[in-house]
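K.L.:
turn this into a model:
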Amino acid sequence: MYNIGGGNLSAINARYGTDYSFCSLFHELFRPTDRLAERIEQARQPLKGRAYVAVCYRFMSLLGDFYEGDRPVLHGQARTRLMEQAAAALQRIRERHPGMPVLVTSDSGTFLESLAGVPDVVTIPGKVVHMDYTAGEQIETYMKSFTDLYLLSGGVKIYRMCGGGLYTSGFPNTAALMSGIPMEDIDITGDGTPSATSNTCC
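P.N.:
Residues are numbered from 1 along each chain as shown. Below you'll find the predicted structure:
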């Protein structure tokens, strides 16, 4: 059974006297194929075995990267402002973790490309698509999302970026639950103060 967010596990454990956790069940049920495992290992290379924090942005179609139903697309000053806010919020996270690599995942190739050359910021190469609105791509394109998921789960902490029109995605929450690491929501329009905190454990 795939239980989003592990929401029913406490009730199941209370009823049956079990001690199931999302991460233990996830890894019992799923493991990467050899092809995906190889891609995950390649994506980890720039991190050079160092501990890292992970950050996830979900722009949807705000930056015009791809079609996503009737979601809005920003232009001009509004688009520039959103990218500036997103970059400034990332800088605040880097300041929280001096000397530690920061892995950034996003559904926006535009935003990821803007981070090229930023010290200690690592992104994962590959075309970004939304699976609900994309068909007929090569398998490597779809594997990008799974690679992102596993790399997010390998950090010591995940920051889920929100505010400014960003979508509060369940994707990084699932990654946090997969390995029992904490996740913190950060409003990119604020001063870096957490908007909410979710601590998970394996």
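
K.L.:
which one is the residue nearest the centre of the chain nearest to, not counting chain neighbours?
P.N.:
Nearest to the geometric centre of the chain sits Cys56, at 3.5 Å (CA atoms, centre = their mean). The spatially closest residue to Cys56, leaving aside those adjacent along the chain, is Pro172, at 3.9 Å (CB to CB, 6 or more residues apart in numbering). To be clear about C-beta, it is placed using only N, CA and C from the backbone, and glycine gets the same treatment.

K.L.:
got phi/psi on the residue nearest to the centre of the chain?
P.N.:
phi -130, psi 120 (degrees, to the nearest 10).

K.L.:
which residues does the lengthiest helix in the chain contact?
P.N.:
Longest helix in the chain by number of residues (criterion: DSSP state H): helix 76-96. Here helix 76-96 makes contact (CB atoms under 8 Å, 6 or more residues apart in numbering) with 53, 55, 57, 59, 62-64, 74, 102, 104, 110-111, 114-115, 120-121, 159, 161, 163-166, 186, 188-189, 191-192.

K.L.:
and the next helix or strand past it?
P.N.:
Using DSSP states H and E, the next helix or strand after helix 76-96 towards the C-terminus is strand 102-106.

K.L.:
so which bits of that next one are buried?
P.N.:
Neighbour counts over strand 102-106 (16 or more other CB atoms under 10 Å) mark 102-106 as buried.

K.L.:
and the helix or strand hosting Thr147, what's buried?
P.N.:
For Thr147, the host element (DSSP H and E) is helix 139-153. Neighbour counts over helix 139-153 (16+ other CB under 10 Å) mark 143-145, 147-153 as buried.

K.L.:
now swap in stretch 40-59 and tell me
P.N.:
Judged by neighbour count using 16+ other CB under 10 Å, the buried positions of stretch 40-59 are 40, 43-44, 46-47, 52-59.
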